[in-house]
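[1] heads up, no residue letters with this:
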């Protein structure tokens, strides 16, 4: 009897581990930063191939466009995850840096005739300069008040954009931004833009990965845990926060530049509080302190907004409800909870069978 | 010379707006005093107060006063629901999650009110008649006086509640010392629940008072809410008197700013004041019981 149960258990064990291995290919790793060294894992190859092959498998232009948007949101979320997820500070003004990037590219390319490739880097740098100027005084605040102050910055940015019509085109915005081009190669179809955006995203992920694994990244996590202890070890807390803020803003500026080149317009309504909330939501959904999570969050939320758009008037209330439900049921990220729940479900399935057997 | 004649007029309108910001700020402070939560959906309660009153008057044809009271009741119910459905399930969640949840609730309330009541901006008739009062060459509607009186009346009621009743003391205890409150047998969740009711009621009252003064549409709640919050921070986070003082300062500063800079920048002024006050004195003017003076 005992022997039989034991044998049975072993068989099931193989089944579970197979299922878990399959899951581990798909789901992001919530404990990424505990790994000490980096090897190219099967998981990474799987992601890379999926990203490269996906638009070829589904050749729907709307899908391509959606994935371009998701990639841009992914860059934004990746920038914020350094600040919110790793350094543990809240920013509700991240959309403003996105806007700064967009407008820098728009103004440089349409008025001054800069090539988009140069404007791309310039917008990242301009965004991080603004982040330095804003972050220097504001990052002394904590919690709710930091959130409110960054939100205030976002609103002031919107007001300035709308009012200075001669510089930014006011409420109407700037039109006719040229497509992104490198050395004569123009990214003019959704498919080409898809590869542009996602290759930039992959590059930024690799950079972020190295950053997190470096001394600076460890300092971010230390700041998020306890500021007092961190400063007692000799880490300059306010400088670390400012750095994280600036890197996040740099990413947002790059994303904004790509957005300007993809949409070829820059209008102020895009950069409202709703976008900031969306970015924070992506980071929370992906899991705090998780590198791949925010990108998955960006994919899910971009898809969700697109799907909800077909319900027209009901889309915003539905979006609000789904947001709250996601927060209530997955407060520490979709990946973490989903993984735990799936493992529990699989084991429950096994346990149920065994329980029935015992009852017999 | 012309500027000097306009300025008293701006001051009057600034004081009216200030009283409204103060009322909204009182709603924030009530919740903060009971649970240290910041409810970003407070502005939507203001908007809903006006909207629901308008609905009862125009569609159900009820008398003004009755529909105002009904609207306050409905909004208080919504406040209770917000606590039960959003805040209570997230009682153990971290700060950014709570923040986003109230922002999501605010999004839900504003967009669903656009569904129910339409997207057109609405204005109630002023309940003091349309004639203007005039004192010393400065004319203003009697509605402004009503708003001022109502604000101070609410302030007085809240003062009585928090300083002279057992319930108010219990609310404050559950915020300042949660463990102590638990040991005394005070239910913290019940206190937060009640605070949400009181706060949404104040919000609805503010909404009923402002809808005659300017048009209220489904998306104006967010900005009013934010400005109310800003005035609470300016005056001193967590103090009733500070909320009113901050409201007046913000209202007057905003109206006076129209005299000197283009009107489009008006919304930026509030946030500029916020950034300045957060940088130089995060405690607010009257000081705050919840924020220590150490900033870093």
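    Yep, that arrived. It should be emphasised that the depicted structure is a prediction, and the values quoted were computed from it without experimental measurement.
[2] which residues in the chain form strands?
    Unless you meant another one, I'm taking chain A. Listed in chain order, the strands of chain A (DSSP state E) span A:174-175, A:181-182, A:185-186, A:265-266.
[3] Actually, chain B is the one I wanted.
    B:132-135, B:138-141.
[4] Let me know the average pLDDT across the first one.
    In this model, strand B:132-135 carries a mean pLDDT of 67.
[5] just stretch B:289-296 next, same as before
    54.
[6] got it, and stretch A:210-230?
    On average, stretch A:210-230 scores 85.
[7] buried sites along that stretch?
    Within stretch A:210-230, the residues scored as buried using 16 or more other C-beta atoms under 10 Å in any protein chain shown are A:211-213, A:216-217, A:219-224, A:227, A:230. C-betas here are computed from N, CA, C, even on glycine.
[8] repeat for stretch A:91-105
    A:91-105.
[9] which of the strands of chain A sits most buried?
    Among those, strand A:265-266 has the highest mean neighbour count (mean count of other C-beta atoms under 10 Å in any protein chain shown), at a mean of 22.
[10] for that strand, packing partners?
    Strand A:265-266 makes packing contacts with helix A:94-111, strand A:174-175 when contacts are defined by 3 or more C-beta pairs under 8 Å, 6 or more residues apart in numbering or on different chains; DSSP states H and E.
[11] Confidence-wise, which of these is weakest overall?
    Among these, strand A:174-175 carries the lowest mean pLDDT, a mean of 80.
[12] Parallel or antiparallel, list what pairs with that strand.
    Here strand A:174-175 is paired, per DSSP bridges, with strand A:265-266 (antiparallel).
[13] Tell me how many other residues crowd residue 13.
    Going with chain A. Residues within reach of residue A:13, counting by other C-beta atoms under 10 Å in any protein chain shown, total 11.
[14] ah, I was thinking of chain B
    Neighbour tally, residue B:13, other C-beta under 10 Å: 19.
[15] rounded to a whole number, what's the mean pLDDT of stretch B:186-201?
    So the average pLDDT for stretch B:186-201 ends up being 89.
[16] What residues of it count as buried?
    Buried, per 16+ other C-beta under 10 Å, within stretch B:186-201: B:186, B:188, B:191-201.
[17] hang on, residue A:79 packs against residue A:245?
    No. Residue A:79 is beyond contact range of residue A:245, at 9.6 Å (criterion: C-beta atoms under 8 Å).
[18] These two: which has the busier surroundings?
    A count of neighbours by other C-beta under 10 Å puts residue A:79 above the other of residue A:79 and residue A:245, at 33 against 28.
[19] of all the helices and strands packed on strand A:265-266, which lies closest to residue B:218?
    Residue B:218 sits nearest to helix A:94-111 of all the helices and strands packed on strand A:265-266, at 21.3 Å, using C-beta to C-beta.
[20] Could you check how far that closest one is from the centre of its chain?
    With C-alpha atoms, centre = their mean, to the nearest Å as the basis, helix A:94-111 stands 19 Å off its chain's centre.
[21] what does stretch B:119-128 give?
    19 Å.
[22] State the phi and psi torsions of residue 59.
    Using chain A here. phi -100, psi 30 (degrees, to the nearest 10).
[23] right idea, wrong chain: chain B
    Here residue B:59 shows phi and psi, under degrees, to the nearest 10, equal to phi -100, psi -30.
[24] okay, it: pLDDT?
    Predicted confidence (pLDDT) for residue B:59: 83.
[25] Next one: it from residue B:66, what distance?
    To residue B:66, residue B:59 is 14 Å away according to C-beta to C-beta, to the nearest Å.
[26] swap in residue A:83?
    51 Å.
[27] Looking at the two, which is more packed in?
    residue A:83 (29 against 12).
[28] contacting residues for the more buried one?
    A:89, A:91, A:244, A:245, A:247, A:248 (C-beta atoms under 8 Å, 6 or more residues apart in numbering or on different chains).
[29] repeat that with 7 Å
    By C-beta atoms under 7 Å, 6 or more residues apart in numbering or on different chains, the residues touching residue A:83 are A:89, A:91, A:244, A:245, A:248.
[30] from what I can see the second one touches residue A:150, true?
    Which is residue A:91. Yes. With contact defined as C-beta atoms under 7 Å, residue A:91 reaches residue A:150; the gap is 4.5 Å.
[31] Can you give me the neighbour number for the nearest residue to residue B:245 once chain neighbours are set aside?
    Excluding the flanking residues, the one nearest residue B:245 by C-beta to C-beta, 6 or more residues apart in numbering or on different chains is residue B:235, at 4.3 Å. Residue B:235: 30 surrounding residues under other C-beta under 10 Å.
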